[in-house]
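Chemist: Sequence first, predicted coordinates after that:
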Number of protein chains: 2
Amino acid sequence: MSESAAPTREEKVLGIIETARGKRPRFKDDQVTMSHGAGGKATQSLIEGLLGPAFGMESFADAEAVPGTDLAVTTDSFVVKPLRFPGGSIGELAVNGTVNDLAVAGARPLALTLSLVLEEGLPADTLREEVEAIAAAAEEAGVRIVAGDTKVVERGHCDGMYVCTTGVGRVDPRARLAPDALRPGDHVLVSGPVGDHGTAIMLARGDLGLEAEIESDTRSLWPVTDALLEAAGSGLRCLRDATRGGVASVLNELARASGVAVLVDEAAVPVRPAVAGAAELLGIDPMYVANEGKLVAIVAPEESERALAALRAVPGCEEAVRIAEVRTEPEGMVLVETAFGGKRVMDLLAGDPLPRIC
Amino acid sequence: MSESAAPTREEKVLGIIETARGKRPRFKDDQVTMSHGAGGKATQSLIEGLLGPAFGMESFADAEAVPGTDLAVTTDSFVVKPLRFPGGSIGELAVNGTVNDLAVAGARPLALTLSLVLEEGLPADTLREEVEAIAAAAEEAGVRIVAGDTKVVERGHCDGMYVCTTGVGRVDPRARLAPDALRPGDHVLVSGPVGDHGTAIMLARGDLGLEAEIESDTRSLWPVTDALLEAAGSGLRCLRDATRGGVASVLNELARASGVAVLVDEAAVPVRPAVAGAAELLGIDPMYVANEGKLVAIVAPEESERALAALRAVPGCEEAVRIAEVRTEPEGMVLVETAFGGKRVMDLLAGDPLPRIC
């Protein structure tokens, strides 16, 4: 054959460079694996290589504007095991997770829809507890449940229940947020210690064989967003809640979208001792562990102090801190400066070390 | 004990009458059963006895207005088995089902969100097929997918995939639809033969041990709604898509909401011979079998002819017909007049003869 479909060596090398520089990855797997749900590289290939292109979307996972309105919508399914854990439960998580996707898109949460997939044999009391948890979390977050659905599947499916929540919010006129808005010199803030939620779930399952007093950080992030929008105005470049894949995944996503580098000061990252211990046992950096009530804020350097002060004034965010800075190079990458002055790459997760944490 | 909690005979009798007259049922089960997902009595007790009151909602299942906007939202999870069946697939069903909830609420569908729960090991080609089916159905229905989510659960859960779609639509200014708007004398129209979807699913599973050429009727009902709104104007009292629980459940719901009776002319109900045959084998009336592309329209008698003509002019609705009339009594009930002139009650379904058909 005179025309070969096989890539030349030059094309291969270019492909590797393009991937590192943040070009769209392809979905090449034969089947779905747990990794596709982990928020790392495989999830990215599924979303950017299959779902995004099929639906003509840049991103498949974030809150998006509804055409012709000032509203944003977002949707999430929750499949966390176990259903209840220290600091929260699936129902509370479902409300807060969806509210938070709206909040970090700069949209004030207005309303939620709620779809329940229930397992045959689920105790009515468990269902009641979750319904009450959902109602309480919705009230706390100031949103109304406006539509719903229930389905039932046979015993042995869905581990009690899956919960799908969709949120509708109104885009705040103060918000000028975009994932490609990061500029060299910008500061990266986190609203508190990282890795609490994922660690609480792993401990609740007993998988680690250790006990520690770690609670999920599930909560509504709208009050935090509101405070940041007020304090930093247009100096607020972008917000993200650091769920699946943790803060590391958020920083990678934003570095790629903005064509910048992010340099993390490892010593500055707040981590509770029990979270650090569990992460060490798992062989995973707490920066990759899920949070359900922490956000990452990227702010212009001149607004950084004001934003940090505003963050710390919000109850529950007293430990907010600056952890990283935006640089010019290497484009699309996240680097960590260790306590000893060395640097290493903080890439997207491969595999799924923490399945079904949300 | 001088004060007894046990109901007196009089209270019991009053309770029975109240239930028949459409008072709110209670959720009294110890655990979730397949019946709670069937769209009949148990679903009603779950929704009206637990979920509605917990979230301060009249109804938990329909498209609802978003406070402070002219938008309506609705949400649905789809757990149909098998994933593909004659005439459609889970992806197509998810788009059309959600679009139709908006349509029958009088809202022009604008946008959908899509949340996928995928099973570890799902073949990538199956996922691709459904993604394509979703994209094609969305384009056909004129809606954009605006946000999404993916989760993965371990092998043995979720039968390949569950799909949760949430729809946002703009309420059409011509629409004056309400479930309590039925008046004695109103006519009840259906847009075509009933029971195709549920029958196609049962046949595709091989549960009935018979073969027949029945295809799901899954399709967008917005064009039908649009035609009815134009033709019947404010004479259009209410619309419903007759999904889980079929036309019988829709009529029961509306009779209760409006405090009227509905008298069905059994001989007038259009049913394909293969659907009638399968229903006979199952021992179920086709009026209880799910449709995914048929609507029930209640119209004022003076607009009935015009509405029927408009319906029949929509491609695919040529067999639309009047099947029932609204009466004064017995309040909250549906009666059927048989071909032999007898009458019987057409109550809500008890149990779940057709599990997981959507």
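Modeler: Noted; the coordinates are in hand. Being a predicted model, the structure only gives us computed values, none of them experimental.
Chemist: use CA for all of it now, contacts and neighbours both
Modeler: OK.
Chemist: Please pull up the helix or strand immediately following whichever strand or helix holds A:Ile323.
Modeler: For A:Ile323, the host element (DSSP states H and E) is strand A:321-327. Using DSSP H and E, the helix or strand that directly follows strand A:321-327 along the chain is strand A:334-337.
Chemist: contact partners of the helix or strand following that following strand?
Modeler: Sequence order places strand A:343-345 as the next helix or strand after strand A:334-337, per DSSP H and E. With Cα atoms under 8 Å, 6 or more residues apart in numbering or on different chains as the test, strand A:343-345 has contacts from A:Met333, A:Val334, A:Leu335, A:Val336, A:Glu337, A:Thr338.
Chemist: Repeat that for stretch A:173-180.
Modeler: A:105-106, A:229-230, A:233-234, A:236-239, A:254, A:257-259.
Chemist: What residues sit buried inside it?
Modeler: For stretch A:173-180, a neighbour-count test (16 or more other Cα atoms under 10 Å in any protein chain shown) marks A:Ala175, A:Arg176, A:Leu177, A:Ala178, A:Pro179, A:Asp180 as buried.
Chemist: To which secondary structure element is the closest residue to the fifth one other than its chain neighbours assigned?
Modeler: If I follow you right, that is A:Pro179. Leaving aside its sequence neighbours, A:Pro179 sits nearest to A:Leu254 (Cα to Cα, 6 or more residues apart in numbering or on different chains; 5.5 Å). Assigned by DSSP H and E, A:Leu254 belongs to helix A:246-258.
Chemist: Not counting its own residues, what contacts the helix or strand following that helix?
Modeler: Using DSSP H and E, the helix or strand that follows helix A:246-258 in sequence is strand A:261-265. Outside strand A:261-265, the residues that touch it by Cα under 8 Å, 6+ apart are A:184, A:251, A:255, A:323-339.
Chemist: which residues are contacting the helix or strand following strand A:261-265?
Modeler: Toward the C-terminus, strand A:261-265 is succeeded by helix A:273-282 as the next helix or strand (DSSP H and E). For helix A:273-282, the external contacting residues (Cα under 8 Å, 6+ apart) are A:Gly195, A:Asp196, A:Thr199, A:Leu208, A:Ala212, A:Glu213, A:Ile214, A:Asp285, A:Pro286, A:Pro353.
Chemist: So which of those is the closest to chain B?
Modeler: For those, the closest approach to chain B (Cα to the nearest Cα) belongs to A:Pro353, at 13.3 Å.
Chemist: Double-check that the closest one belongs to a helix.
Modeler: No - assessed with DSSP: H, G, I helix; E, B strand; the rest coil, A:Pro353 is coil; it does not lie in a helix.
Chemist: re the thing from before, I'd like to know which of the contacts of stretch A:173-180 is nearest to A:Arg155.
Modeler: A:Ala105 (38.0 Å; Cα to Cα).
Chemist: Might you report the residue contacts of A:Met287?
Modeler: By Cα under 8 Å, 6+ apart, the neighbours of A:Met287 are A:Val194, A:Gly195, A:Gly246, A:Val247, A:Ala248.
Chemist: Please report how far it lies from chain B.
Modeler: 21 Å (Cα to the nearest Cα, to the nearest Å).
Chemist: isn't there a helix covering that residue?
Modeler: Yes - when classified by three-state DSSP, A:Met287 is found to be part of a helix.
Chemist: Just put the buried residues of stretch A:173-180 in JSON lines and tack on pLDDT and secondary structure.
Modeler: Listed next are the buried residues of stretch A:173-180 as JSON lines, based on pLDDT from 0 to 100; DSSP: H, G, I helix; E, B strand; the rest coil:
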{"residue": "A:Ala175", "pLDDT": "94", "secondary structure": "coil"}
{"residue": "A:Arg176", "pLDDT": "92", "secondary structure": "coil"}
{"residue": "A:Leu177", "pLDDT": "94", "secondary structure": "coil"}
{"residue": "A:Ala178", "pLDDT": "94", "secondary structure": "coil"}
{"residue": "A:Pro179", "pLDDT": "95", "secondary structure": "coil"}
{"residue": "A:Asp180", "pLDDT": "96", "secondary structure": "coil"}
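Chemist: next SSE after the one helix or strand A:Leu203 maps to?
Modeler: Using DSSP H and E, A:Leu203 sits in helix A:196-205. Sequence order places helix A:222-232 as the next helix or strand after helix A:196-205, per DSSP H and E.
Chemist: Show me what counts as buried in that following helix.
Modeler: A:Trp222, A:Pro223, A:Val224, A:Thr225, A:Asp226, A:Ala227, A:Leu228, A:Leu229, A:Ala231, A:Ala232.
Chemist: Which residue is the nearest non-sequential neighbour of the fourth one?
Modeler: Once its chain neighbours are removed from consideration, A:Thr225 has its nearest residue in A:Ala103; the separation is 6.2 Å (Cα to Cα, 6+ apart).
Chemist: and the one you found, what element?
Modeler: Taking DSSP H and E as the definition, one finds A:Ala103 inside helix A:90-104.
Chemist: Need the max-distance pair from the contacts of helix A:273-282.
Modeler: It's A:Glu213 and A:Pro353 that sit farthest apart of the contacts of helix A:273-282, by Cα to Cα, at 21.2 Å.
Chemist: Can you get me a residue count around A:Val275?
Modeler: By other Cα atoms under 10 Å in any protein chain shown, the residues close to A:Val275 number 25.
Chemist: Okay, the residue nearest to A:Thr225 and chain B: tell me how far apart.
Modeler: Note on A:Ala103: its distance to chain B, by Cα to the nearest Cα, is 15 Å.
Chemist: Equivalent analysis for A:Val104, please.
Modeler: Separation of A:Val104 from chain B (Cα to the nearest Cα): 14 Å.
Chemist: Near chain B, which residues of the stretch 101-250 of chain A? Just list them.
Modeler: A:110-111, A:113-125, A:128, A:131-132, A:135, A:144-154, A:156-158, A:164, A:166 (Cα under 8 Å from any Cα of the partner chain).
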